[in-house]
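[1] pasted the sequence and its predicted model underneath.
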Protein chains: 2
Amino acid sequence: MKYSVGVDMGGTNTDMGLVSENGNIIQRRSIPTNAYTELEPYVHDMMQEIEAMVAEQSATDGEAVLLEGIGIGAPNGNFYTGCVDNAPNLTIKGVLDFGKEIKKYMPVPVVLSNDANAAAYGEYVYGGAKGMQHFIMFTLGTGVGSGIVVDGKLVHGSTGGAGELGHNILIPHGRKCSCGREGCLETYTSARGIVQTYLELRRENPDEERMLKEVPDAEITSKLIGEAAHQGDPVALKTWEMVGEWLGLAMANSVTFSAPEAIFLMGGPTQVGEPLLKPLRAAFEKYLLNIYQGSCKIRMSELKTNEVAILGAAALLKMKSEK
Amino acid sequence: MKYSVGVDMGGTNTDMGLVSENGNIIQRRSIPTNAYTELEPYVHDMMQEIEAMVAEQSATDGEAVLLEGIGIGAPNGNFYTGCVDNAPNLTIKGVLDFGKEIKKYMPVPVVLSNDANAAAYGEYVYGGAKGMQHFIMFTLGTGVGSGIVVDGKLVHGSTGGAGELGHNILIPHGRKCSCGREGCLETYTSARGIVQTYLELRRENPDEERMLKEVPDAEITSKLIGEAAHQGDPVALKTWEMVGEWLGLAMANSVTFSAPEAIFLMGGPTQVGEPLLKPLRAAFEKYLLNIYQGSCKIRMSELKTNEVAILGAAALLKMKSEK
């Protein structure tokens, strides 16, 4: 039977999955990314796990696995070069040529892109964006990523680095961003940005805060703020309102670019649901140019949070074969 | 010999040109758009002029003209439907189905898109963007338009209305825009926006203004502000600095979308040159995300101002035949 491998390279762990043709993750393995400082031993151990999955599946199926290839979603992953370019959150430094290294072990196609692009393409191949020619995916997490599909293809741009809407400057001269500039969307709608908003609001409104009064600043997370919002905490609710307002503006702006038929949303902070989605939809409508009214929906990713990265990486192989 | 026709449908005039294969405008004709309130007589008269150009050229060449088709750049032109959709600045109202109407006269391919898209595609086929797979065109005029090319194709999006970067909200809760919202790029960098900035600055700094002191508010134009800047008028220079700052920010933001290899600039207000371009380039570098540094150039359109609209419209036919 035919399978593909999806690899989600994170700063902490590298998760690998054997994916069936219909998009089920049949097996999973993991190695600690941050235990490595060199590419060779890292890929060696990664390939050992992949080979083990393939061997096990061949035994289960009673026939040799036909491997379509290995898709990799990675921070700073460059689709054109197949390299990870100096990702700041990896312990393995430099420009990492995965394709070349993997081919030492297995003569299969290797496709690599950044993690948000992979997530977008996963939605296209296996999720709610099936059949859509134009859509955008926003991923909220430690940072804010995006993947853009135009005419059914991921937009990689001239450098391979297209689709960094988390670093679109939303508020000129706004919050300081880790990229060295100011006012990036990421500073307002990443998990970190959400916590910052909450902390600012509770300092300004000490009397209104109820649920998280005993939790010190350093222990506040977007997850806790989400729980507090569901319990009616006014400061938490106000936080999500502001996040929705900012994200709605950013999404409306992105529509002027590619007029997508949907904008998808995924990642930890989005799990809060309505406290974010309600103000988000209202802001999106408010900021959307009249010619686009009614043409673009905001939708949650239909892939499971713990599967999207592996499925997205595996989906990248479908793109290659389309060319 | 083979020719194409480019039609630039403006609110005041409709300019038509017979374009040779190598991009020279061989003949030009014009009819007053605002003399019509119905599509049928308008297209009738337009086609008379086009037929006259074709007949004349056939006589000149001593052989029948082979007409590739008619390309039309129009406000609110929709590539997918071939219609002009309720353009506010036209005296002919409603949804105008050009393709259908023209085919009554001539059985040739008709392609229509909005004017900024046409300008971008003209640059791709006949101008400085030849061979580029990823670029963006900003057109500055009464409004601000844009055309986006990704993977060598114009981005039309799911509705046909993609590429409206003039209505990207640059400054949240900023200047009131004609679209009904606030802070659109257009309110800061259109001819009208430039005049507004100048008027605000001279009210705030009555002592600094020199060149245009005697010109009443209602007679100030972006052209006059450009001339004053070249004569060293500090208020005019400051105006262009601010326009450059805003436009540089907008351009840097657009790079996070499609990572183009160049951003082109055209239109009346851009003719001022260095007083705009110098602060524009500085702002662009300042606001550009580090991963894009050095990968994207700002360039002036290489097409002549009085030819770009016709050439762009004619160029649309090349797109159709690529499909």
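    It's in.
[2] the stretch 151-300 of chain A: strands as residue ranges?
    Shown for the stretch 151-300 of chain A, the strands assigned by DSSP state E, counting those that start in this stretch span residues A:153-154, A:262-266, A:297-300.
[3] which stretch among those strands comes nearest chain B?
    Of all those, strand A:153-154 sits nearest to chain B, with 6.6 Å by C-beta to the nearest C-beta. Every C-beta, even on glycine, is put in place using the N, C-alpha and C of the backbone.
[4] among the strands of the stretch 151-300 of chain A, which is the most enclosed?
    Highest mean neighbour count among the strands of the stretch 151-300 of chain A (mean count of other C-beta atoms under 10 Å in any protein chain shown): strand A:262-266, with a mean of 24.
[5] in chain A, which spans are helices?
    A:39-61, A:98-103, A:115-126, A:186-189, A:191-204, A:222-230, A:234-258, A:274-287, A:308-322 (DSSP state H).
[6] for B:Met242, which of those is the nearest?
    B:Met242 lies closest to helix A:234-258 among those, at 20.9 Å (C-beta to C-beta).
[7] can you pull the buried residues of the closest one?
    Across helix A:234-258, burial judged by 16 or more other C-beta atoms under 10 Å in any protein chain shown covers A:234-258.
[8] so A:Arg281 versus A:Gly244, what's the distance?
    According to C-beta to C-beta, to the nearest Å, A:Arg281 and A:Gly244 sit 8 Å apart.
[9] now the strands of the stretch 151-300 of chain A as CSV including distance to chain B and mean pLDDT?
    What follows is those, written out as CSV (distance: least, C-beta to the nearest C-beta, whole Å; pLDDT from 0 to 100):
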stretch, distance to chain B, mean pLDDT
strand A:153-154, 7, 96
strand A:262-266, 9, 97
strand A:297-300, 11, 97
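[10] mind putting those in JSON lines, distance to A:Met106 included?
    JSON lines is the format used below for those (distance: least, C-beta to C-beta, whole Å):
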{"stretch": "strand A:153-154", "distance to A:Met106": "24"}
{"stretch": "strand A:262-266", "distance to A:Met106": "30"}
{"stretch": "strand A:297-300", "distance to A:Met106": "35"}
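[11] lowest-confidence helix or strand of chain A?
    helix A:308-322 (a mean of 86; mean pLDDT, DSSP states H and E).
[12] give the other helices and strands that it contacts.
    On a contact count with 3 or more C-beta pairs under 8 Å, 6 or more residues apart in numbering or on different chains; DSSP states H and E, helix A:308-322 meets strand A:2-9, strand A:13-20, strand A:25-32, strand A:66-74, strand A:110-114, helix A:115-126, strand A:153-154.
[13] could you pick out the residues of the stretch 51-200 of chain A near chain B for me?
    When proximity is defined as C-beta under 8 Å from any C-beta of the partner chain, the stretch 51-200 of chain A approaches chain B at A:76, A:132-134, A:148, A:150-151, A:153, A:155-165, A:167-172, A:179-181.
[14] for the most far-flung residue of chain A relative to its centre, give its distance to chain B.
    Going by C-alpha atoms, centre = their mean, the residue of chain A most distant from its centre is A:Asp207, 36.4 Å out. From A:Asp207 across to chain B, the span is 28 Å (C-beta to the nearest C-beta, to the nearest Å).
[15] got it, and A:Val110?
    From A:Val110 to chain B the distance is 22 Å (C-beta to the nearest C-beta).
[16] and that residue, what does it touch?
    By C-beta atoms under 8 Å, 6 or more residues apart in numbering or on different chains, A:Val110 lies in contact with A:69-72, A:82, A:98-99, A:102-103.
[17] for it, which non-adjacent residue is closest in space?
    Spatial nearest neighbour of A:Val110, chain neighbours left out: A:Gly99 (4.4 Å); criterion: C-beta to C-beta, 6 or more residues apart in numbering or on different chains.
[18] what's the neighbour count on A:Pro206?
    9 (other C-beta atoms under 10 Å in any protein chain shown).
[19] that one and chain B: what is the separation?
    Between A:Pro206 and chain B the computed distance is 27 Å (C-beta to the nearest C-beta).
[20] picking that back up, so which of the buried residues of helix A:234-258 reach chain B?
    A:249, A:252-254, A:256-258.
[21] correct me if wrong: A:Asp45 contacts A:Ile31.
    Yes: A:Asp45 is within contact range of A:Ile31, at 5.3 Å (criterion: C-beta atoms under 8 Å).
[22] residue contacts, A:Cys184?
    Counted by C-beta under 8 Å, 6+ apart, A:Cys184 has contacts A:166-170, A:174-175, A:177.
[23] any idea how far it is from B:Asn290?
    A:Cys184 sits 12 Å away from B:Asn290, taking C-beta to C-beta as the criterion.
[24] mean pLDDT lowest where, among the helices of chain A?
    Sorting those by mean pLDDT places helix A:308-322 lowest, at a mean of 86.
[25] buried residues in it, which are they?
    Buried residues in helix A:308-322, counting neighbours by 16+ other C-beta under 10 Å, are found at A:308-319.
[26] re earlier: farthest pair within the ones next to chain B among the buried residues of helix A:234-258?
    So, those by C-beta to C-beta: farthest apart are A:Leu249 and A:Ser258, at 16.7 Å.
[27] relative to B:Leu90, which of the ones next to chain B among the buried residues of helix A:234-258 is nearest.
    Nearest member of those to B:Leu90, counting by C-beta to C-beta, is A:Thr256, at 21.8 Å.
[28] which phi and psi does the nearest residue to the closest one once chain neighbours are set aside have?
    Closest residue to A:Thr256 apart from its sequence neighbours, by C-beta to C-beta, 6+ apart: B:Glu164 at 4.4 Å. The phi/psi pair for B:Glu164 (degrees, to the nearest 10) reads phi -110, psi 60.
[29] who touches B:Glu164 in this structure?
    A:256, A:289, A:291, B:145-146.
[30] switch to 7 Å and redo it
    Residues counted as contacts of B:Glu164 (C-beta atoms under 7 Å, 6 or more residues apart in numbering or on different chains) are A:256, A:289, B:146.
[31] and it, how close does it get to B:Tyr287?
    For B:Glu164, the distance to B:Tyr287 equals 20 Å [C-beta to C-beta].
[32] A:Glu38 and B:Tyr287, how far apart?
    Applying C-beta to C-beta, the value for A:Glu38 to B:Tyr287 is 36 Å.
[33] swap that for A:Val84, sorry
    Using C-beta to C-beta, A:Val84 is found at 26 Å from B:Tyr287.
[34] just want to know which of A:Glu38 and B:Tyr287 has more residues nearby.
    Taking neighbours as other C-beta under 10 Å, A:Glu38 and B:Tyr287 compare with B:Tyr287 leading, 20 against 13.
[35] so for that one, what's the nearest residue that isn't a sequence neighbour?
    Nearest one to B:Tyr287, counting by C-beta to C-beta, 6+ apart, is B:Ala252 at 3.6 Å.
[36] check A:Met1 too.
    Spatial nearest neighbour of A:Met1, excluding adjacent residues (C-beta to C-beta, 6+ apart): A:Asp61 at 5.3 Å.
[37] same deal with A:Met132?
    Nearest non-adjacent residue to A:Met132, counting by C-beta to C-beta, 6+ apart: A:Glu261, 5.6 Å away.
[38] same question for A:Pro234.
    Nearest non-adjacent residue to A:Pro234, counting by C-beta to C-beta, 6+ apart: A:Glu208, 4.8 Å away.
[39] cool, thanks, talk later.
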